[in-house]
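**Q** 3D model of this:
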Amino acid sequence: MAVDSDSPILYLVLGVAVLVTAVVHVSVLPDYFPDDATRAAPFLLIGWFTFGVAFYAMGRLFSTPGSLPSMRGADVGTALFLVSLLVAGGLDALGFTPEVVLVAYVPPAIGIYAGLALIGWAVGKRTKAINRMVHEAA
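**A** Presented below is the predicted three-dimensional model:
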């Protein structure tokens, strides 16, 4: 496989990740969440993973990294993801469950997805730069 990030495999990974993310979030999760959060959790994790993979593929396909880009975006994404999870957990611990106040969970949800997007994009961009460096050194 070529070192170039324009590999057809990456387009396939992007398409499958977007498709699985859409199916999980549009058709599977609404069946369980917020009524049965325990059964929704595995599907939510699958949706989060495929969302991150989609942004990883986009980072590999559509970024133009410098010599070796910093991972600051991934650091910010990780912090945003974890803080948003803590806020959602704090809301739940205080009695503001999704069944009672679903609107209160919108900001943490946006933070979780923004964090995953930043992590995926930064790792994809860094991978593209490393692959280019290895290809040039060979």
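
**Q** Quick one: name whatever helix or strand follows the helix or strand bottoming out on mean pLDDT in the chain.
**A** With mean pLDDT, DSSP states H and E as the measure, the helix or strand of the chain carrying the lowest mean pLDDT is helix 29-32 (a mean of 90). Under the assignment DSSP states H and E, the closest C-terminal helix or strand after helix 29-32 is helix 37-62.

**Q** Name the residues of that next one that are buried.
**A** Within helix 37-62, the residues scored as buried using 16 or more other Cβ atoms under 10 Å are 40, 43-44, 46-61. Placement of C-beta: from N, CA and C, glycine included.

**Q** Could you check how far residue 116 is from residue 76?
**A** 12 Å (Cβ to Cβ, to the nearest Å).

**Q** With neighbour numbers in mind, choose between the two.
**A** Applying other Cβ atoms under 10 Å to residue 116 and residue 76 shows that residue 116 carries more neighbours, namely 25 against 15.

**Q** roughly how far is the host helix or strand of residue 78 from the heart of the chain?
**A** According to DSSP H and E, residue 78 maps onto helix 72-93. Mean C-alpha position of helix 72-93 versus that of the full chain (Cα atoms, centre = their mean, to the nearest Å) differs by 13 Å.
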